[in-house]
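Q: the sequence isn't on hand, but the structure is:
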């Protein structure tokens, strides 16, 4: 009887599919022990036979350069092999070109310089890539911008190889030099493709379009139209890179890099305009109309909105008990006359207000007020209530039961609550290099007493980083976000307290905001104050959009994303990064709660004793948008 050999457990945990290659899929994965992010390029054994596999592996192992995606290891699975590659969280250059991101001259030329630097290294090894195109240019984020890295050497060849019929016309016709259609592969054919990419970045389109046959005819016979509005040095580089005859082009990547490098230096001194011909124009700002508001008899710093059940019973009135037990404060009847309960707080005082689905309450008299043992820092809503965090304790607002203390802690820095409300977590920092995560399970049913489990404690080394957020990633996992110089670490933990390791993000983040899409967050950058980052954690993907303001508040809207600065300027950005509307002369809130994808409540102080609550509704601003 044959003994089946067990399949060895992979060193990597898959985080999701990120792309489809010519011969298989590409996954984002994390090393189970080190937390290193990698790309697993799966190569199906039927579609990618051994001789092609060995060809790509030979090329990859001979190339090691910061502008080339390198191979770290080789692993086998039951269905084939996969290459362990460097992971590039910024996506592809194609994703940038297809978005509404506005690239400056400096950024465009910097990316081309990166490509040429990687090609120069490959060409010195005698390797011609043969398929340079935006889809094969991957991006990594840095505090200064993007870095381009060349990937996919699957059809690359050695420059001395000739008469290899199986190569055929492999490649992308839109980026192929004329001689490539005759199955010739000189080094300058890669530089022709770089010229096409540069043209596309500058003008927002390729010089030729059409069917593969029409593209072949155009590449061999038609001269590209280079607008006279482009600066002469750029026009000269593009014209030379796109010469039909290979001897008339740049003869090396280094030569082309030197020509573009001089222009790049001129861009940094401001000689050229900031936006290329293919750039987008920002819309004119609209002056905001007067927003409806109601006066509040106290300043408001923390807010939350709870949707009440249809026939909720009144909050119970029970005495306070000893530390560690459920201890609801005395409460009056909070049965809903309207479907929402607005929670406001200032210092250690909390007030509750009934709030209608539409419009503003008149008058907004408080339903109940409480005084808690410390200043209120945050409110996190739950399906039937929420949790208020002070500097020393946590208090559960449970509609059937009341408001009561559920944890007594010294300075809980951050708090996260599971989407279904069945557990919550806090984090403390007993000393600079360690974070203590406390996870408690919560049972809060209408007809049964509230029960809180003992805390499960997890100690996490954070190397003297700064804790900026604790995220409930889903019903089973948490993410402790730690800012460090030039980068951010997301430490992954299960709800049972198992530490899974850190996920590195290559830039320093702050102000993470969850969105409706699972695992997607909006964030601001420490070193790029005029940018918005859209961060997907599973699989990891980071997209940087340029803002026209220095945002202080960021939030998801019905049309994409909202960015509000401290001067009352609001920019509405679609999901492709284009600023579609700008609004000025808005009040500047100190607290904000979202009622719907288009409706918000803003708290704006009048003085030390009073504040206003504004009803901010995108549908009532006179914008040319459909909600």
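A: All right, it came through fine. What you see is a predicted model; the values in this text were computed from it and never measured.
Q: for the nearest residue to residue 493 once chain neighbours are set aside, helix, strand, or coil?
A: Nearest-residue entry for residue 493: residue 478, 4.7 Å, with adjacent residues in sequence omitted and distances by CB to CB, 6 or more residues apart in numbering. (Each C-beta comes from the backbone N, C-alpha and C, glycine too.) Classification of residue 478 into helix, strand or coil gives strand, according to DSSP: H, G, I helix; E, B strand; the rest coil.
Q: how many neighbours does residue 290 have?
A: By the criterion of other CB atoms under 10 Å, residue 290 has 7 neighbours.
Q: no no, residue 487
A: By the criterion of other CB under 10 Å, residue 487 has 17 neighbours.
Q: for the residue lying closest to it once chain neighbours are set aside, give me the pLDDT.
A: Nearest-residue entry for residue 487: residue 506, 5.7 Å, with adjacent residues in sequence omitted and distances by CB to CB, 6+ apart. The predicted local distance difference test score for residue 506 is 93.
Q: thought residue 506 was touching residue 489?
A: No. Checked against CB atoms under 8 Å, the pair residue 506 and residue 489 is beyond contact range at 10.7 Å.
Q: what about the residue nearest to residue 493, distance to residue 292?
A: As for residue 478, its distance to residue 292 is 39 Å (criterion: CB to CB, to the nearest Å).
Q: so the two - more neighbours on which side?
A: Between residue 478 and residue 292, residue 478 has the larger neighbour count (other CB under 10 Å), namely 26 against 13.
Q: who's in contact with the more buried one?
A: Listed by CB atoms under 8 Å, 6 or more residues apart in numbering, the contact partners of residue 478 are 416, 425, 437, 439, 470-472, 492-495.
Q: please identify which helix or strand holds residue 256.
A: Remark: residue 256 resides in helix 253-268, with elements defined by DSSP states H and E.
Q: show me what that helix is packed against.
A: Here helix 253-268 is seen to pack against helix 105-124, helix 187-203, helix 232-241 when contacts are counted using 3 or more CB pairs under 8 Å, 6 or more residues apart in numbering; DSSP states H and E.
Q: now mean pLDDT too, for those helices, in CSV please.
A: As requested, those are arranged in CSV below (pLDDT from 0 to 100):
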stretch, mean pLDDT
helix 105-124, 95
helix 187-203, 95
helix 232-241, 94
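Q: helix or strand with the lowest mean pLDDT in the chain?
A: Ranked by mean pLDDT, DSSP states H and E, the weakest helix or strand in the chain is strand 327-329, scoring a mean of 45.
Q: returning to that earlier point: contacting residues for the residue nearest to residue 487?
A: Residue 506 makes contact with 89, 140-142, 486-487, 542 under the criterion CB under 8 Å, 6+ apart.
Q: residue 619 and residue 597 touch, don't they?
A: No. No contact is recorded between residue 619 and residue 597 when judged using CB under 8 Å, the distance being 10.1 Å.
Q: which residues does the residue lying closest to residue 287 once chain neighbours are set aside contact?
A: The shortest distance from residue 287 to any non-neighbouring residue, by CB to CB, 6+ apart, is to residue 585 (5.2 Å). The neighbourhood of residue 585, defined by CB under 8 Å, 6+ apart, consists of 287-288, 568.
Q: residue 434 bridge partners, please.
A: Per DSSP bridges, residues listed as beta-bridge partners of residue 434: residue 431, residue 461.
Q: if we can go back for a sec, report the buried members of the contacts of residue 478.
A: When these are checked for burial by 16 or more other CB atoms under 10 Å, the buried set is 416, 425, 437, 439, 470-472, 492-493, 495.
Q: narrow these to those in strands?
A: Counting by DSSP state E, the part of the buried ones among the contacts of residue 478 found in strands is 416, 425, 437, 439, 470-472, 492-493.
Q: pick out whichever of the contacts of residue 506 sits closest to residue 214.
A: The shortest gap between residue 214 and any of these belongs to residue 140, at 35.3 Å (CB to CB).
Q: surely the closest one is in a strand?
A: Yes. Remark: residue 140 belongs to a strand, assigned using three-state DSSP.
Q: who does it bridge with?
A: Under DSSP bridges, the beta-bridge partners of residue 140 are residue 147.
Q: quick one: contacts for the residue positioned nearest the centre of the chain?
A: Using CA atoms, centre = their mean, the residue of the chain that lies closest to the mean C-alpha position is residue 535, 1.4 Å off. With contacts defined as CB under 8 Å, 6+ apart, residue 535 is in contact with 505, 509, 512, 520-523, 541-542.
Q: can you tell me the element the residue lying closest to residue 84 once chain neighbours are set aside falls in?
A: Of all residues beyond its chain neighbours, the one nearest residue 84 is residue 73 (4.1 Å), with distances taken as CB to CB, 6+ apart. Under the assignment given by DSSP H and E, the secondary-structure element containing residue 73 is strand 71-76.
Q: which of the residues in that strand are buried?
A: If you call a residue buried by 16+ other CB under 10 Å, then strand 71-76 has these buried ones: residue 71.
Q: same deal with stretch 480-500?
A: For stretch 480-500, a neighbour-count test (16+ other CB under 10 Å) marks 480-483, 487-493, 495, 500 as buried.
Q: now stretch 212-219
A: Buried residues in stretch 212-219, counted by 16+ other CB under 10 Å: 215-216, 218-219.
Q: distance to residue 611 and secondary structure added to the residues you listed, as JSON lines?
A: JSON lines is the format used below for those (distance: CB to CB, whole Å; DSSP: H, G, I helix; E, B strand; the rest coil):
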{"residue": "215", "distance to residue 611": "63", "secondary structure": "helix"}
{"residue": "216", "distance to residue 611": "68", "secondary structure": "helix"}
{"residue": "218", "distance to residue 611": "64", "secondary structure": "helix"}
{"residue": "219", "distance to residue 611": "65", "secondary structure": "helix"}
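Q: between the ones in strands among the buried ones among the contacts of residue 478, which sits nearest residue 455?
A: For those, the nearest to residue 455 is residue 439 (6.7 Å; CB to CB).
Q: tell me the pLDDT at the closest one?
A: As predicted, residue 439 sits at a pLDDT of 94.
Q: now swap in the one 4 residues further on and tell me
A: The predicted local distance difference test score for residue 443 is 81.
Q: any stretches of the stretch 501-627 of the chain with poor pLDDT?
A: For the stretch 501-627 of the chain, the stretches with pLDDT under 70 are 626-627.
Q: run the last query once more with 50
A: By pLDDT under 50, the stretch 501-627 of the chain contains no weakly predicted segment.
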